[in-house]
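Peer 1: no sequence for this one, just the structure:
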């Protein structure tokens, strides 16, 4: 047992040293997400855009195409289902400035004395757009409005983007750090040399996986902490839940890297396979833009990507304040861990030293 | 004593499979330097890779002190006891980037169940006389220095049997002579050395016994001087030419 630990420790330490002495690679791992986050923070920073987003609860004859505010220009109307859950979600969006106003007009319940419909609206008093829209509501004829305020912090694009950028950085580090490195080891004969020692394949793979897991954990923690303070990121949920999601995601991505590296001995082929995995994940995982408006088929296809689950769970924790036991976290964690176990088992089974 | 019995190995290839080893048998006494000589493609490397447990034979077996350690019916890897008993220097070995020679020695020492790994590292550094450059990364070493570090890696766990696969290929004459001195030093420690080479001067100087291999078969065997006297030739090159009609350094 002691010898086993020594062997594992030796391989683990050797891989770590290789990583941090490869200055170019390490710098890129740290610099890449900082550049992306900084660039987007700059590009999407500044004053709020002059665009109103109004949620319309569709109830009876009142729909997103027939509601009393239809004639307002420069507004985007979002249909909200009339179920209490959907209305609650929409109110949350108002509180986070994702919607400027939410209206719910009940045509069936008319105020017979004044011959007006009764309408409810929710507005965030700290939102400039909300304030403007509230004043504009007074000009709407035929509706008696009941006002409710909902207060929360604005979700900036950078808040929404950062979990995705961190995820992308983890994806590249896991896939290339395990997949590409193992293929390079195989091609150059390092694996053949190790095969001639008493080290077993699982010991070697376990040390590689743990080394990469530790390195990704440390770099991600550093990047996240830096971004959290520099960009004043929200952290409404449990940090433990976020750590759980990121750890499951890291393991899952490492397992995918191991699958690529199990047999391939050509760096070119490995590079091609890894690019084939990373590029679709990068653009179809909802990192850069919301998947809500995408073709339904693409939305379904995006569920294949582990990054989709990791990013959505990370956002639900950071922005929506989810905890580890909630379905928006447990569901993705379950999927990520399942893919991890399958990938690690299959990758280890397929693994060849040469 | 190491015994190789009736080894066969064929690799799939087009237009036809390559019969790398065809019924090769060897008997290697303990404590000698045993040379396996032949041109490129003769089956030397395949033979010793089978002996090292890196390649599985189609047929045949390898015995160490009467125990079967490698056989066609065995697993894809050698038993741990055999892995511990042997040290290997490949013809071409890449090493992990960014690790110094000393760190590599420490890594490899850690892979074997050694009582005092640090002492083993110190011993290997001393034996191979690499103290001067052992703290450099291998990519910053000359070819000769690199080969000496690789030899130290093969020796770090104090193996009884050491495989050297064309260890001086590509080295300049001075580096080759330095390497030969190290091999002589290791020989004096009583270890068994199994050397493949296509340099006949190297074989004549270092080896107690040699086998000439061609097309995966042993075509002659004996002490270098005894072989030359037996066939009345000046050197092993000439002997090989006489036995096969081809130059020892020519490609098959």
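Peer 2: Right, received. Where do you want to start? Nothing here was measured: the structure is a model prediction, and the numbers come from that model.
Peer 1: Which residue is the nearest non-sequential neighbour of the residue of the stretch 151-300 of chain A found nearest chain B?
Peer 2: Chain B sits closest to residue A:188 of the stretch 151-300 of chain A, with a gap of 3.2 Å, by Cβ to the nearest Cβ. Where you see a C-beta, it was placed from the backbone N, CA and C, and this is true even at glycine. Closest residue to residue A:188 apart from its sequence neighbours, by Cβ to Cβ, 6 or more residues apart in numbering or on different chains: residue B:94 at 3.2 Å.
Peer 1: number of nearby residues for the one you found?
Peer 2: 17 (other Cβ atoms under 10 Å in any protein chain shown).
Peer 1: which SS state does it fall under?
Peer 2: Recorded secondary structure, residue B:94: coil (DSSP: H, G, I helix; E, B strand; the rest coil).
Peer 1: which residues does residue B:199 contact?
Peer 2: Counting by Cβ atoms under 8 Å, 6 or more residues apart in numbering or on different chains, residue B:199 touches B:168, B:176.
Peer 1: if we go to 7 Å?
Peer 2: residue B:168 (Cβ atoms under 7 Å, 6 or more residues apart in numbering or on different chains).
Peer 1: is any part of the helix or strand that contains residue B:126 close to chain A?
Peer 2: Residue B:126 belongs to helix B:117-128 when assigned by DSSP states H and E. No - if you take Cβ under 7 Å from any Cβ of the partner chain as the test, helix B:117-128 misses chain A, and the best it gets is 7.9 Å.
Peer 1: So which elements touch that helix?
Peer 2: Judged by 3 or more Cβ pairs under 7 Å, 6 or more residues apart in numbering or on different chains; DSSP states H and E, helix B:117-128 is in contact with helix B:101-111, helix B:143-155, helix B:173-188.
Peer 1: picking up where we left off before, touching, the residue of the stretch 151-300 of chain A closest to chain B and residue B:92? I think so.
Peer 2: No - counting by Cβ atoms under 7 Å, residue A:188 does not reach residue B:92; the two are 8.8 Å apart.
Peer 1: Do a quick rundown of the strands in the stretch 151-252 of chain B.
Peer 2: Taking DSSP state E, counting those that start in this stretch to define them, one finds strands in the stretch 151-252 of chain B at B:161-165, B:192-197, B:209-214, B:217-222.
Peer 1: Nearest to chain A among the ones you listed would be which one?
Peer 2: Going by Cβ to the nearest Cβ, the one of these nearest chain A is strand B:161-165, 8.7 Å.
Peer 1: pLDDT averaged over that closest one, what's the number?
Peer 2: Averaged across strand B:161-165, pLDDT comes to 93.
Peer 1: coming back round to it: ok, the residue nearest to residue A:188 - contacts?
Peer 2: A:188-190.
Peer 1: From residue B:136, how far off is it?
Peer 2: 16 Å (Cβ to Cβ, to the nearest Å).
Peer 1: follow-up on the earlier one: I'd like the strands of the stretch 151-252 of chain B laid out as JSON lines, including mean neighbour count and distance to chain A.
Peer 2: JSON lines is the format used below for the strands of the stretch 151-252 of chain B (neighbours: other Cβ atoms under 10 Å in any protein chain shown; distance: least, Cβ to the nearest Cβ, whole Å):
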{"stretch": "strand B:161-165", "mean neighbour count": "23", "distance to chain A": "9"}
{"stretch": "strand B:192-197", "mean neighbour count": "23", "distance to chain A": "13"}
{"stretch": "strand B:209-214", "mean neighbour count": "23", "distance to chain A": "21"}
{"stretch": "strand B:217-222", "mean neighbour count": "17", "distance to chain A": "24"}
